[in-house]
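Asker: Sequence plus predicted model, see below.
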2 protein chains.
Amino acid sequence: MEKIFASIITIGDELLIGQVVDTNSAWMAQELNKAGIWMKHRTAVGDVWDEIWNALDGESKRAHIILITGGLGPTADDITKPLLCEYFGSKMIVDEGALANVKIIFERILKRPMIERNLKQAEVPYGCTVIQNKRGTAPGMWFEKNGKIFVSMPGVPHEMKGMMTDYVIPALQKHFTLPFIMHKTLLLAGIGESFLAEHIQEFEESLPAHVKLAYLPNYGMVRLRLTGNGDNKNELENELQNKFETLKQLVAEWMVIDDDLTMQQAVGKLLKQKSKTVGTAESCTGGYIAHLLTSEAGASAYYKGSVVSYAYETKEDVLHVSKETLATVGAVSEETVQQMAKGALALLNTDYIVATSGIMGPDGGTTEKPVGTVWVAVGNKEKIIAEKFFFRFNRQRNIELTATNALNMLRKFIIEN
Amino acid sequence: MEKIFASIITIGDELLIGQVVDTNSAWMAQELNKAGIWMKHRTAVGDVWDEIWNALDGESKRAHIILITGGLGPTADDITKPLLCEYFGSKMIVDEGALANVKIIFERILKRPMIERNLKQAEVPYGCTVIQNKRGTAPGMWFEKNGKIFVSMPGVPHEMKGMMTDYVIPALQKHFTLPFIMHKTLLLAGIGESFLAEHIQEFEESLPAHVKLAYLPNYGMVRLRLTGNGDNKNELENELQNKFETLKQLVAEWMVIDDDLTMQQAVGKLLKQKSKTVGTAESCTGGYIAHLLTSEAGASAYYKGSVVSYAYETKEDVLHVSKETLATVGAVSEETVQQMAKGALALLNTDYIVATSGIMGPDGGTTEKPVGTVWVAVGNKEKIIAEKFFFRFNRQRNIELTATNALNMLRKFIIEN
């Protein structure tokens, strides 16, 4: 079976000069990958005619499929569509479907009059297949030239994602004969990337060429992903499952979950299975753990609430941390997180609790308690345990690392208690 | 003055196939831009010899500076360094400085024995300038070939950022004669991108060629950025300030702040100026507003805490929302957010309060209150006002949009009260 390759071209000064982080490409690459299409290359160009033209030429030599995002919005530099028109030797026409869509969006959703700029969005090069945009005004366009597929989509993430899911991926699956690609992912915490690599080196070296292992480190965690590809779905599934079981045994000590889930999803799943609830008492993480837990749909089944006790006063008044404790050992101490946990358990009336207090930086550090010093407590009505961490990074990383480690402590506590 | 162009090459399957979102490139592009260097192109390639080689060749034809990230970690596929060695016709040697650095990191920070894999990180091609990595084990490398600068750095964001700030940017400023580039940014809320473009079309068209206007829309806000470049710093500063004042008058109605700050930074600045404090009572935003406010260093000066009252019970027990209100008009109602705000004001004892309650989706919507229905209250001890919003998006967007709009309501309330 011939391998089918795709390239992505992102158009727009805002991406090139870094005003916007390109999150689209990663999402698109993953969707292509799941469908059995291999990523070849990715190019970011500004709103410059020659650069865009050369990118189209260059990528069409490399790949079977060229996905293009950006350059189509109402305030875009109006280069992309005329360029595509010329590139495919066509002329611009108004697409009736796209025009009706622009009108509906303004009449029913935005409830404001259309302007000339919006009407122009319904124009497309004659001969392309128009991909309706159910979430915005700019239509997508599908072109074929010399056996290559070119798809142009808007850069607005939810508009692009809608088009990819509803139309582009199914159409590519129809157009090409694609292999099966399967992934098996597990999440580890508490082991560094290089030690892990050393630990599973033999396993990794024993993998056949059509099975790859990827390391994805992220804030105190490492995700390990096995990816296999083949023409026979059942065979591949069996083979990959076997390798996965071996891998799981090798890393059992650090395993959070044997699934492609985040730490907060793993915790949520565990709480749901046990029909238990959790609450949080956050000082240094400032609501971030609550945010992670409530980012998941259905969190209300197990998450009841949080007290973000950022000020000393809030720790005292709301969570009943003793004034004496704060005055003698301070807010970043075992005693304080213990009392925060106890106070929050009583107030929120949950089965489990997690509490954090630390110095996130850049200011507030002392010789005794430098920036990155963190105390975390987890527990239930019978028992509260606390642990001290030291992260030596910047504020954002310290918040992330505290949240990850606190959730992992909670996870272990739930399993054991 | 000749324009100096840079290209970025990111190396690694994990970026290409979308396992990791490339946030490095945007940051690097912004730093280059601030230094007066123009972005030309960005390329992402996998861990494939020919692809990397071709990218080096291709970008060196386009740009004066080629910045390369990735492919240097202890579990990287070991392609990048040998390839650079061959590309620059060199041979591999051990760099004593880099070796000492690896040893120090293991002895003093990681406190665990080194392994072979880590020692190899101290090898570099002979003749390159080694850039010490103060934050990790992989050194950076600076090469010059045919008048072009090539810099290879690790892909770990804080390691790369450290090298860029400490070494690469200053060295590029020394190596090239660069123009002055200045930005003036303002943040708007409550106006759509296309209407804004229509509103300031005349202003935009009147700008000289060396001054550009960029639109950066993001979750209910639009950032407008004027960028000018020139050889005379004072002249440019005066000219840009003039244009900026004109622009500010044109968009005064929607202006949040005339500075490159986020909404939460603008709110924080305002609170600091007034020496006032704020607290939050969050249901649907689940701690996200608290997280945004506490992401800023120094937030403890104005932020006291939050009650995340995700469950009905928490709303009743902690914030004293009446059982009757919840039973009759429900949690997503004007009455509930009013009572949440009142309860939290009393509990947290702050000058201002913001409260949110809504249906974020994907489940939980009804005909009367579809997904995206949100009530927000802001106030102080004298007065609490509430407003209903309707966002029609997905969970993540609804959380973001609620937070943005709630903080903007708070901002306006603080100014007026």
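Answerer: Yep, that arrived. Numbers count the residues shown, from 1 in each chain, chains lettered A, B, ... in the order given.

Asker: Would you mind listing what in the stretch 1-150 of chain A touches chain B?
Answerer: Counting by Cβ under 8 Å from any Cβ of the partner chain, the stretch 1-150 of chain A comes close to chain B at A:13-23, A:25-30, A:33, A:39-46, A:51, A:73-75, A:109-110, A:112, A:115, A:117-118. Any C-beta I mention is one placed from the backbone N, CA and C, and that applies to glycine too.

Asker: just the buried members of those?
Answerer: Buried members of the residues of the stretch 1-150 of chain A next to chain B, counted by 16 or more other Cβ atoms under 10 Å in any protein chain shown: A:13-20, A:22, A:25-29, A:33, A:39-46, A:51, A:73-75, A:117-118.

Asker: tell me the pLDDT at the residue located most distally from the centre of chain A?
Answerer: No residue in chain A sits farther from the centre than residue A:324, which is 43.0 Å out by Cα atoms, centre = their mean. pLDDT recorded at residue A:324 is 96.

Asker: same thing with residue A:75?
Answerer: Residue A:75 is assigned 63 on the pLDDT scale.

Asker: Also residue A:110?
Answerer: 72.

Asker: what residues are up against it?
Answerer: residue B:192 (Cβ atoms under 8 Å, 6 or more residues apart in numbering or on different chains).

Asker: how much space between it and residue B:370?
Answerer: Separation of residue A:110 from residue B:370 (Cβ to Cβ, to the nearest Å): 17 Å.

Asker: now swap in residue A:358 and tell me
Answerer: Taking Cβ to Cβ, one finds residue A:358 at 40 Å from residue B:370.

Asker: shouldn't residue A:372 be in contact with residue A:394?
Answerer: No - between residue A:372 and residue A:394 there is no contact under Cβ atoms under 8 Å: 9.2 Å.

Asker: Name the secondary structure element that contains residue A:195.
Answerer: If you go by DSSP states H and E, residue A:195 is part of helix A:193-199.

Asker: Can you get me a residue count around residue A:67?
Answerer: By other Cβ atoms under 10 Å in any protein chain shown, the residues close to residue A:67 number 28.

Asker: just checking, what packs against whichever strand or helix holds it?
Answerer: Assessed by DSSP H and E, residue A:67 sits inside strand A:65-69. Using 3 or more Cβ pairs under 8 Å, 6 or more residues apart in numbering or on different chains; DSSP states H and E, the elements in contact with strand A:65-69 are strand A:5-11, helix A:24-34, helix A:49-62, strand A:148-153.

Asker: Could you point out which of those sits nearest residue A:386?
Answerer: Nearest to residue A:386 among the helices and strands packed on strand A:65-69 is helix A:24-34; the distance by Cβ to Cβ comes to 37.3 Å.

Asker: ok so, going back, tell me the most buried of the helices and strands packed on strand A:65-69?
Answerer: Scoring these by mean neighbour count under mean count of other Cβ atoms under 10 Å in any protein chain shown gives strand A:5-11 as the most buried, with a mean of 24.

Asker: outside of that strand, which residues touch it?
Answerer: Applying Cβ under 8 Å, 6+ apart, the contact partners of strand A:5-11 are A:22, A:24-25, A:28-29, A:32, A:37-47, A:52, A:55-56, A:59, A:62-71, A:79-80, A:155.

Asker: Contact residues of the stretch 201-350 of chain A facing chain B?
Answerer: Residues of the stretch 201-350 of chain A that fall close to chain B, judged by Cβ under 8 Å from any Cβ: A:214-216, A:225, A:277, A:279-280, A:282, A:286-291, A:293-295, A:297-300, A:303-311, A:313-314, A:317-318, A:347-349.

Asker: hmm, 6 Å instead?
Answerer: Residues of the stretch 201-350 of chain A lying close to chain B by Cβ under 6 Å from any Cβ of the partner chain are A:215-216, A:286-288, A:290-291, A:294, A:297, A:303-311, A:314.

Asker: So residue A:102, which state does it fall into?
Answerer: At residue A:102, secondary structure determined by DSSP: H, G, I helix; E, B strand; the rest coil is helix.

Asker: which one is it nearest to, not counting chain neighbours?
Answerer: Using Cβ to Cβ, 6 or more residues apart in numbering or on different chains and skipping residues adjacent in sequence, the residue nearest residue A:102 is residue A:137, 4.8 Å away.

Asker: Run through chain A and note the low-pLDDT ranges.
Answerer: For chain A, the stretches flagged by pLDDT under 70 are A:74-78.

Asker: In terms of residue numbering, what are the domains of it?
Answerer: Here the domain parsing of chain A from automatic domain parsing is A:5-175, A:180-257, A:263-416.

Asker: Can you tell me which of those domains is packed in deepest?
Answerer: Among those, ranked by average contacts under mean count of other Cβ under 10 Å, first place goes to domain A:263-416 (a mean of 21).
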